[in-house]
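Peer 1: I'd like to go over a predicted model; first the sequence, then the structure.
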Amino acid sequence: MKQDAPIARWTAPQPDDGFGVSLLDLLRLKGRAWLVRHASVAQASILDSRTRVVQAATRAEDAHAELIFRRQLRQAPTAQRTEIAGREGEVERLLRERDGHRRQRLARVSPDGLPALPDSPALVPDISDRQIEALAVKAVTRFAALPAREAEAAWSAWERELEQRLPPYAAAEVAQRAAELRSLLR
């Protein structure tokens, strides 16, 4: 053997000199990326399956409710049939209204992909005629017993609160109906 021949030696890895990551670090990162990518696909699959189960359960629940409703309607006396049908019609209308609002809200999507909140400061997107009437009647009966000076201050505060809590068109309708009821009392 020659004494002058170079001997291959293993050298310990040197600290990063700023030129990048080592081969082992790169392999770890690629492995982690692969795991995360496949985990996210699995999570999406699970969420999709859960969504389908919930949709199927909702359809089954609707069918069961319809069956019970029809049974009640057949067994009820004639006088109660219209009352039952009216209540069920009101419930159906409210559910359709809620679904319509939900679709509108989901249709408005913010730039980050999340559903946008309603433009109105109040979270009540719509108010029914029955609700308008109830709010107006409640205000009129509450403030009718007060002396004139206190009643005017209470009306002003109430109208300001309406403007804060309801969308502008709804606040105007409630205030107008309350004014009509007040004029009837005078």
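Peer 2: Thanks, I have the structure now.
Peer 1: For the rest of this, base every contact and every neighbour count on C-alpha atoms.
Peer 2: OK.
Peer 1: So which elements touch the lowest-mean-pLDDT helix or strand in the chain?
Peer 2: Least confident helix or strand, the chain: helix 78-107 with a mean of 76, by mean pLDDT, DSSP states H and E. Secondary-structure packing of helix 78-107 (3 or more CA pairs under 8 Å, 6 or more residues apart in numbering; DSSP states H and E): helix 23-75.
Peer 1: Show the secondary-structure elements that the helix it packs on is packed against.
Peer 2: Against helix 23-75 (3+ CA pairs under 8 Å, 6+ apart) you get helix 78-107.
Peer 1: How far off centre is the helix or strand following the helix it packs on?
Peer 2: Going down the chain from helix 78-107, the next helix or strand is helix 129-144, by DSSP states H and E. Counting by CA atoms, centre = their mean, to the nearest Å, helix 129-144 is centred 28 Å from the centre of its parent chain.
Peer 1: swap in stretch 168-180?
Peer 2: Centroid displacement of stretch 168-180 relative to its chain, using CA atoms, centre = their mean, is 27 Å.
Peer 1: Buried residues, that stretch. List them.
Peer 2: Neighbour-count burial for stretch 168-180 flags Ala170, Ala171, Ala172, Glu173, Val174, Ala175, Arg177, Ala178 (criterion: 16 or more other CA atoms under 10 Å).
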